[in-house]
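K.L.:
fold the stuff below for me.
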Amino acid sequence: MNADAIFLVALQTSLVLGLVHGVNPCGHSWLVLAPFVAGQKSGRRVAVLTGSFIAGTSLGCLAIGLALGLLSAQLPDSIRVVTDIVVGGIIIILGLILVWKPHLLHSHEHCHMPDDDHDHHHGDDPHHHDHDHDHAHHHHAPAKGLGNKASTAWGLGAIGFLNMIVPCPTVAIMYSYALKSGNAARAVSVFASYAVGTALALASVIFLLFRLAGWVRNLEKPWVEPAIMRTVGVMTIAFGVYSMYADFLA
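P.N.:
Numbering: from 1, shown residues only. As a prediction, this is how the structure comes out:
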C-alpha cells in the first residue's frame, strides 16, 4: 500500500515539476529553443522545431527512467533499505540548498544561438566579420534550404535528449523515486509524467513566444528563476520527507 501511495505522489509531483521545468527560464527549457523559433514566420515550422526538441527531451526522460528502474530492480532488499535512506537524505539536502541558494545547483550561462542579435563590425573588406560570440556563420545556397531545415530539427532533437541526460535540479525527485522503486515500469512512468508536463509547458511558452514575444521576455526578469527554483526546493523537501516517513512506516 505504501509503495502504491508513494508511486501516485511521485507521479503527480513529476507532472507538476515537468510543468515548472517547461516554464522556468533556464538552460534546460524553452530558452534553448527560443532562438530557433523567434524569427520564424511559419507556424508549421515552429511546431516542427518545438516537436523535435520535445521528442528528444521525452526520449531522454524515458531512457533515464528505464536505466534507473532496471538498476533498482537488481538491488537486494538489504541494500535498497540503505539506498532509500541515503537517497531520501540527499533529496532533502538538495531541496534545502535550492531554497537557500537557488542558483547554486542551477547556475548557467544563456547561450547565444545563431539567430541571436549580435553586432557585425565591417572593415574595408565587405566579407570580413568580427564576432563577439563564439559561433560561425554559414552562408548556404537556397538549394540547400530543405536539408538545413531537416538538420535543424534533428539537431534540436539531439539537444533535447542531451539536455535531459544532463541533470537538472527539478528531476531530483524522479531520480530518487526511480532508485527506490525496484520497478522499471513505475520508474519509466514517473519520468514519462515529467516529460508530459515539460512538453505541455514548453509548447505553451513557445506558442506564446510566437504570438506574444513581449510577454515571454518578462519571464527572463532576474527574480523569476530564483522564485521558481525555491518552489521546486520546497516540493523536493516535502517529497523527501514523505518518502522517508513512508519507508519508516513500512
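K.L.:
all strands for this structure, in order.
P.N.:
Here the chain has no strands by DSSP state E.
K.L.:
quick one, helices of it?
P.N.:
Taking DSSP state H as the test, the helices found in the chain are 2-23, 30-37, 43-74, 77-100, 145-165, 172-181, 184-211, 213-218, 224-249.
K.L.:
most tightly packed of those?
P.N.:
Of these, the one with the most neighbours on average (mean count of other Cβ atoms under 10 Å) is helix 172-181, at a mean of 25. For glycine as for every other residue, the C-beta is placed from the backbone atoms N, C-alpha and C.
K.L.:
with only the CA atoms kept, save that one in CSV.
P.N.:
Extracted C-alpha coordinates of helix 172-181, given in CSV (Å, rounded to 0.1, in the frame of the first residue of the first chain):
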residue,chain,number,x,y,z
ALA,A,172,15.8,15.1,-8.2
ILE,A,173,12.5,13.6,-7.1
MET,A,174,12.3,11.4,-10.2
TYR,A,175,15.9,10.1,-9.6
SER,A,176,15.1,9.4,-6.0
TYR,A,177,11.9,7.5,-6.8
ALA,A,178,13.4,5.5,-9.6
LEU,A,179,16.3,4.4,-7.5
LYS,A,180,14.0,3.3,-4.7
SER,A,181,11.2,1.9,-6.8
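K.L.:
helices and strands around it, which ones?
P.N.:
helix 2-23, helix 43-74, helix 77-100, helix 184-211, helix 224-249 (3 or more Cβ pairs under 8 Å, 6 or more residues apart in numbering; DSSP states H and E).
K.L.:
residues touching it, excluding its own?
P.N.:
By Cβ atoms under 8 Å, 6 or more residues apart in numbering, the residues outside helix 172-181 that reach it are 6-7, 10, 13-14, 17, 64-65, 68-69, 71-72, 80, 83-84, 87-88, 90-91, 94-95, 167, 186-187, 190-191, 194, 235-236, 239-240, 243.
K.L.:
next one: stretch 186-196
P.N.:
With contacts defined as Cβ under 8 Å, 6+ apart, stretch 186-196 is touched by 7, 10-12, 14-15, 17-18, 21, 57-58, 61-62, 64-66, 68-69, 72, 171, 174, 177-178, 181.
K.L.:
hey, which helix or strand in the protein has the poorest pLDDT?
P.N.:
The weakest-scoring helix or strand in the chain, judged by mean pLDDT, DSSP states H and E, is helix 213-218 (a mean of 59).
K.L.:
measure residue 237 to residue 172 for me?
P.N.:
Using Cβ to Cβ, to the nearest Å, we find residue 237 at a distance of 10 Å from residue 172.
K.L.:
got it, and residue 20?
P.N.:
Residue 20 is 12 Å from residue 172, by Cβ to Cβ.
K.L.:
one more: residue 9?
P.N.:
Applying Cβ to Cβ, the value for residue 9 to residue 172 is 14 Å.
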